[in-house]
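1. This is a predicted model, with the sequence first.
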Amino acid sequence: MLQSEVMPVDMKVLTEQIYQYKKGVRHLSLYTFNKKYRKAAILKLQHQNINYIIQPVNDTSINLFFGKKECLDAIAPMLERPLCKLSAEEDFILGTLLGYDVCVQCERYCSLRKKK
């Protein structure tokens, strides 16, 4: 049996993100994947006592945010709507908390502000 059959690529990526979180590389992670792996992903996070929030994306995909409770508490109100509906400020906060390059986030913020 091939390794990809044992652990689907979706779960391999999640495993790497959990590893980075546990090592302190990031405090908050976002993983978008096929919802057929939802149960396995949740069990993996629960087994390691990692806090998470699930946000539906469409009929087949979900966003899985996980990390420090403080970070999840800060973004929870934003996740009541699709990410494409975030304000420029919310987009900036989320991107920064996810560990995206701050200068790129500043450029993105300015660009989003100009559009509005």
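-> It's in.

2. could you pull out the helices for this protein?
-> For the chain, helices defined by DSSP state H occupy the ranges 3-6, 9-22, 38-47, 69-75, 88-97, 102-115.

3. so which of those helices is the most packed in?
-> helix 88-97 (a mean of 18; mean count of other C-beta atoms under 10 Å). C-beta coordinates here come from the backbone N, C-alpha and C atoms, glycine included.

4. per the record, what domains does the protein have?
-> With automatic domain parsing serving as the domain definition, the record reports that the chain contains domains spanning 3-78, 86-116.

5. Dump the ones you listed into CSV; add mean pLDDT as well.
-> Conversion of these to CSV gives the following (pLDDT from 0 to 100):
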stretch, mean pLDDT
domain 3-78, 92
domain 86-116, 95
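
6. OK, contacts around the most centrally placed residue in the chain?
-> For the chain, the residue nearest the mean C-alpha position is Leu30 (1.1 Å; C-alpha atoms, centre = their mean). Contacts for Leu30 were tallied using C-beta atoms under 8 Å, 6 or more residues apart in numbering; they are Asn63, Leu64, Phe65, Leu98.

7. how about the last one, what does it touch?
-> With contacts defined as C-beta under 8 Å, 6+ apart, the neighbours of Leu98 are Arg26, Leu28, Ser29, Leu30.

8. what about it, distance to Asp91?
-> Shown here: Leu98 relative to Asp91, a distance of 11 Å by C-beta to C-beta, to the nearest Å.

9. picking that back up, kindly provide the distance from the residue nearest to the centre of the chain to Val9.
-> Between Leu30 and Val9 the computed distance is 17 Å (C-beta to C-beta).

10. Output the helices of the chain as CSV; include the columns distance to Val57.
-> As requested, the helices of the chain are exported to CSV (distance: least, C-beta to C-beta, whole Å):
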stretch, distance to Val57
helix 3-6, 23
helix 9-22, 14
helix 38-47, 12
helix 69-75, 15
helix 88-97, 15
helix 102-115, 20
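
11. Out of these, flag the one nearest Asp59.
-> In this view, the helices of the chain are compared for proximity to Asp59 by C-beta to C-beta, and helix 38-47 is the closest at 13.0 Å.
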